[in-house]
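[1] Generate coordinates for the sequence data below:
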Amino acid sequence: MAEKETLVVSSKVKNYIKSNGDLKCSAKVIDVLSDKIREMCDAAIEKAKNDKRKTVQEKDF
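    Okay, the predicted model is just below:
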C-alpha cells in the first residue's frame, strides 16, 4: 500500500498542542489528522458535485 501524503504542517500542530495544552504530540496524531482532513475533503467534494459546482466552498464543510 502506498504511503499517504501528510496534509497538515506537523510543526504547526505540535506547536499548537504544546502552546495550548503544554503536552507533546505523538507522530501518529499527524497521520490521524491527515485522515480526518481527507474524509472531510471527500465529503465536501461530493457535496459540491451534487450541487453541480466545480468549486468546493466553505459551505461544503
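[2] And the helices in this structure?
    With helices called from DSSP state H, the chain shows them at 10-21, 27-50.
[3] Cys25 reaches Lys14, doesn't it?
    Yes - Cys25 lies in contact with Lys14 (C-beta atoms under 8 Å); the separation is 4.4 Å. For every residue, glycine as well, the C-beta is placed using N, CA and C.
[4] OK, contacts around the residue nearest the centre of the chain?
    Geometric centre of the chain, nearest residue: Ile37, 2.5 Å, by C-alpha atoms, centre = their mean. Contact analysis of Ile37 by C-beta atoms under 8 Å, 6 or more residues apart in numbering lists Leu7, Val8.
[5] now it: how far from Ile30?
    Distance of Ile37 to Ile30, computed by C-beta to C-beta, to the nearest Å: 11 Å.
[6] repeat for Lys12
    Per C-beta to C-beta, Lys12 is found 10 Å from Ile30.
[7] per-residue pLDDT, the residue lying farthest from the centre of the chain?
    Taking C-alpha atoms, centre = their mean, the residue of the chain most remote from its mean C-alpha position is Lys52, at 23.9 Å. We note a pLDDT of 98 for Lys52 in this prediction.
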